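>>> got a predicted structure here, sequence first:
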Amino acid sequence: MTSGSGIQIPSRLPLLLTHEGVLLPGSTVRFSVDSPRNMHLVSHRLLKGTSLKSTIIGVIPNTRDPEHDTDDLPSLHKIGTAGIAVQVVGSNWPKPHYTLLITGLCRFSVTSLLKERPFVLAEVEQLDKLEQYTSPAGEGVTAEDGELGELSQKFHQAAIQVLDAVSLEERFKKALPMLTRQIEGLKLLQKTRKISPDTEKRVLSVRKGRVFPVQQLNLDDEDEDDDGDDTTALERKVRGANMTEAALKVCLKELRRLKKMPQSMPEYALTRNYLDLMVELPWNKSTKDCLDIRAARTLLDNDHYAMDKLKRRVLEYLAVRQLKTSLKGPILCFVGPPGVGKTSVGRSIARTLGREFHRIALGGVCDQSDIRGHRRTYVGSMPGRIINGLKTVGVNNPVFLLDEVDKLGKSLQGDPAAALLEVLDPEQNHSFTDHYLNVAFDLSQVLFIATANATATIPPALLDRMEVLQVPGYTQEEKVEIAHRHLIPNQLEQHGLTPQQLQIPQNTTTDIIGRYTREAGVRSLERKIGAICRAVAVKVAEGHRRVEIEMRDGVQRRHWQLFNVKPSVLPDKAAPPEMPIVIDHTALKDILGPPVFEMEVSGEEELGQADRAAPADNQHVL
Ligand SMILES: Nc1ncnc2c1ncn2[C@@H]1O[C@H](COP(=O)(O)OP(=O)(O)OP(=O)(O)O)[C@@H](O)[C@H]1O
């Protein structure tokens, strides 16, 4: 097997089929082996063999060993690398497998397949010349096992020389070439995953003295190229976001850090999210106010019945805003019982101004980071509700309705009311700093309106910054008007009905208000009207099943069966008309059930109704 010019590898090689790593001559690669043919190769050949020859195997890349040894062999990659197994480690966990450490010697091509089981054996042709190492010491080597013995002697001798080098300097000199070879092998392994086919030839040559004389690889440069496009696009967005100078500076700094970070780093995603938010925020984007006081009055009147005092004050506020656009404060706070229309007035104000509307529910908020956000060092940190709201509406001058400010809580995580102080103070809020953003955002263009059920629980410092407008409850007459002007038309529309299909007379509304609801606002009333609409919608959808009633005198009459009222109960000759369905007292009882409250004795004043109301028929008060 020995030739004058080089070392010959055996012409028959057992083949290890791999699909993950690529073994190159001179490099040392670790392979994990758990498929049947490869396992047989290790147990029958590597572990049983006693000669050095038995440790030489061929490694075929790009070929997966089938899962069962009964399966057919896939077509083999034509070129492989002969290697010497320098280490075999077996383990049973999580399943039986071996880990092989193989050092590549030279390339070969498969000429014919000799056997497929229990492991693959093939006739191979050596492609590279495997040259002898010239002994630095110039000593002759006695070959015990042909060329392979000679090769192993070389390895052995190199190791012995390192061992024999007593002085540190000498030991470095001997060990350094070995280490360089190892490092170059590892670099090449990484490089082969991306390398183009034409450069492949250059790296595979085995030369004397230096195993891989390849050009210096710069792996870092390549990584940068991959995410280059992404960060460049982000940088363009950052520069085009019209943000403040301070914010731009922070963003560019973060961008520089991002460019240096590998994508797999957890901080990469955090920085990326931060920059995405900064780009999305409406730093300089606003809607144009289209305020016309007359139109505003009409709109407010159309949307809301009664509430004269509140509407007057809102109009005053809007008028001053029209005259002085840079009006600072005051913050209006509507205080009143539930369901009196505080939120809906806020929505109307946004509509009259032509601004975006965003509601921030503060009920139960007891952590100040809900308002101000978390610092970015926290896991899962987020911006606060104010910044989130701005991101949602996409403009910097929306109407923000801070709903239920009286229900703010307090906890160990800080006092959210204190955080709101800065938000609501016109002197400070032009430089509101959310912890997550860590740069100031100008909130002075935002129109804040607050709502509360009572002033008693609003922290004094917060109350001091707001102008309280009381919204009292409605009288029965006002409720009837609100129902007929707003609630019934709204509910009909929401349920796809028309006034030609459903009519609720005034005395039915009075009945609902007096016997089924007992509240200062109109929310329950709206719900009851909704319930009536649903019941009628079912009947309309069913198409008013016609019931033929056999009359006593033998004449057949048609009758519209409504609300499960027994036909016999209806007066013989007064069958109700087909449309509209009119909700009378009987229909009301059928849909809403028996009345919950007894009607007030007429003539008594309304005050104190709730105290005296006694639930009828053992029912709970709604
Ligand atoms: N004066 C009114 N005119 C017309 N609709 C009204 C009036 N008052 C209340 N409503 C209607 O009542 C419903 C409840 O109103 P809204 O949600 O604004 O009440 P709220 O006072 O904000 O209650 P809460 O304090 O529970 O949030 C809405 O559908 C609203 O349109």
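Here it is on my side, so go on. Numbering: from 1, shown residues only.
>>> can I assume Lys407 is in contact with Ile458?
No: contact between Lys407 and Ile458 fails when scored by CB atoms under 8 Å: they sit 9.6 Å apart. Heads up, the C-betas are built off the backbone N, CA and C, glycines and all.
>>> and whatever residue of the stretch 1-150 of the chain ends up closest to the ligand, how far is that from Val88?
Distances between the stretch 1-150 of the chain and the ligand by CB to the nearest ligand atom are smallest at Pro94, namely 57.5 Å. Pro94 is 19 Å from Val88, where distance means CB to CB, to the nearest Å.
>>> so how far does stretch 403-410 reach from one end to the other?
With CA to CA, to the nearest Å as the measure, the ends of stretch 403-410 fall 17 Å from one another.
>>> in it, what's buried?
If you call a residue buried by 16 or more other CB atoms under 10 Å, then stretch 403-410 has these buried ones: 403-408.
>>> next, the closest residue to Arg523 other than its chain neighbours: phi, psi?
Nearest non-adjacent residue to Arg523, counting by CB to CB, 6 or more residues apart in numbering: Gly339, 3.2 Å away. With angles defined as degrees, to the nearest 10, Gly339 sits at phi 80, psi 20.
>>> surely Gly339 meets Arg527?
No: under the criterion of CB under 8 Å, Gly339 makes no contact with Arg527, lying 9.7 Å away.
>>> so for these two, which sits in the more crowded spot?
Gly339 (20 against 15; other CB atoms under 10 Å).
>>> is it true that His77 touches Gly58?
No: look at His77 against Gly58 with CB under 8 Å: they stay out of range, at 10.7 Å.
>>> looking at those two, which one has more neighbours?
Gly58 (26 against 18).
>>> in terms of helix, strand or coil, where does the more buried one fall?
Three-state assignment for Gly58 (DSSP: H, G, I helix; E, B strand; the rest coil): strand.
>>> distance of it from Leu121?
9 Å.
>>> got the residues of the stretch 301-450 of the chain near the ligand?
Within the stretch 301-450 of the chain, the residues that sit near the ligand (CB under 6 Å from any ligand atom) are 304-307, 338-344.
>>> of the residues you listed, closest to Glu477?
Ala306 (9.5 Å; CB to CB).
>>> burial measure for the residue nearest to that closest one when sequence neighbours are not counted, as a count.
Take Ala306 and drop its neighbours on the chain: the residue closest to it by CB to CB, 6+ apart is Glu478, 4.8 Å away. For Glu478, the neighbour count with other CB under 10 Å is 14.
>>> likewise for Gly364?
10.
>>> list the contacts for it?
By CB atoms under 8 Å, 6 or more residues apart in numbering, the residues touching Gly364 are 407, 409.
>>> per-residue pLDDT, it?
Gly364 carries a pLDDT value of 83.
>>> do Val29 as well
Here, the pLDDT recorded for Val29 equals 86.
>>> against the ligand, how distant is Pro499?
Remark: distance between Pro499 and the ligand (CB to the nearest ligand atom, to the nearest Å) = 18 Å.
>>> what about that residue, which SS state?
Secondary structure, three-state DSSP: Pro499 is coil.
>>> hmm, Leu492 and it touching each other?
Yes: Pro499 lies in contact with Leu492 (CB under 8 Å); the separation is 6.6 Å.
>>> in terms of packing, which of the two has more residues around it?
Remark: of Pro499 and Leu492, Leu492 carries more neighbours, 20 against 11, as counted by other CB under 10 Å.
>>> and that one, what element?
Using DSSP states H and E, Leu492 falls within helix 488-494.
>>> apart from its chain neighbours, what residue comes closest to Pro338?
Gly521 (5.5 Å).
>>> just Ser32 next, same as before
Nearest non-adjacent residue to Ser32, counting by CB to CB, 6+ apart: Thr99, 5.4 Å away.
>>> helix, strand or coil for the one you found?
Going by three-state DSSP: Thr99 is strand.
>>> Arg45 now?
helix.
>>> isn't it up against Phe119?
Yes: here Arg45 lies in contact with Phe119, judged by CB under 8 Å, at a distance of 6.8 Å.
>>> which one's more surrounded, those two?
Phe119 (23 against 19).
>>> hang on, that one packs against Val33?
No: assessed by CB under 8 Å, Phe119 is found out of contact with Val33, at 10.8 Å.
>>> what touches both of the two?
Residues touching both Phe119 and Val33 by CB under 8 Å, 6+ apart: Leu41.
>>> now do Arg359: how many residues are near it, please.
With other CB under 10 Å as criterion, Arg359 counts 16.
>>> dump the helix or strand hosting it to PDB, restricted to CA.
Arg359 is part of strand 357-361, with elements assigned from DSSP H and E. Output of strand 357-361 as PDB, limited to C-alpha atoms (Å, rounded to 0.1, in the frame of the first residue of the first chain):
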ATOM      1  CA  PHE A 357     -61.200  59.100  20.500                       C
ATOM      2  CA  HIS A 358     -59.500  56.700  22.900                       C
ATOM      3  CA  ARG A 359     -60.900  55.400  26.200                       C
ATOM      4  CA  ILE A 360     -58.500  54.400  29.000                       C
ATOM      5  CA  ALA A 361     -60.300  52.400  31.600                       C
END
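>>> sec struct for Thr451, please.
strand.
>>> give me the number of residues near the nearest residue to it once chain neighbours are set aside?
The shortest distance from Thr451 to any non-neighbouring residue, by CB to CB, 6+ apart, is to Lys342 (4.2 Å). Number of residues near Lys342 (other CB under 10 Å) recorded here: 26.
>>> mind listing what the residue nearest to Arg523 touches?
So Gly339 contacts 519-524, 526 (CB under 8 Å, 6+ apart).
>>> so how far is Asn273 from Val439?
16 Å.
>>> kindly report the same for Leu462.
32 Å.
>>> the residue nearest to Thr451 against Gly336, yeah?
Yes: counting by CB under 8 Å, Lys342 does reach Gly336; the two are 5.9 Å apart.
>>> sorry, back to before: and the residue nearest to Arg523, what pLDDT?
pLDDT recorded at Gly339 is 90.
>>> distance check, it against Tyr474.
Following CB to CB, the distance that separates Gly339 from Tyr474 is 9 Å.
>>> how about the nearest residue to Ala456, chain neighbours excluded?
Ala456 sits nearest to Asp406 (CB to CB, 6+ apart), 7.6 Å away.
>>> am I right that that neighbour is in a helix?
Yes: assessed with three-state DSSP, Asp406 lies in a helix.
>>> settle this for me: it is touching Leu462, isn't it.
No: under the criterion of CB under 8 Å, Asp406 makes no contact with Leu462, lying 9.5 Å away.
>>> OK, contacts around Ser369?
Applying CB under 8 Å, 6+ apart, the residues near Ser369 are 384, 413-414, 435.
>>> burial check on Leu258, number of neighbours?
The tally of other residues near Leu258 (other CB under 10 Å) stands at 22.
>>> is it true that it touches Thr271?
Yes: counting by CB under 8 Å, Thr271 is a contact partner of Leu258 at 5.0 Å.
>>> what strand or helix carries Asn284?
Residue-wise, Asn284 maps onto no helix or strand under DSSP H and E.
>>> which residues touch Pro338?
Pro338 neighbours (CB under 8 Å, 6+ apart): 453, 519-521, 523.
>>> can you tell me how far it is from Arg347?
Between Pro338 and Arg347 the computed distance is 16 Å (CB to CB).
>>> excluding its backbone neighbours, what's nearest the residue of the stretch 451-600 of the chain at minimum distance from the ligand?
Of all residues in the stretch 451-600 of the chain, His486 sits closest to the ligand, at 3.9 Å by CB to the nearest ligand atom. Nearest residue to His486 in three dimensions, chain neighbours excluded: Tyr305, at 6.6 Å (CB to CB, 6+ apart).
>>> ok but the one you found is inside a strand, no?
No: counting by three-state DSSP, Tyr305 is not part of a strand but coil.
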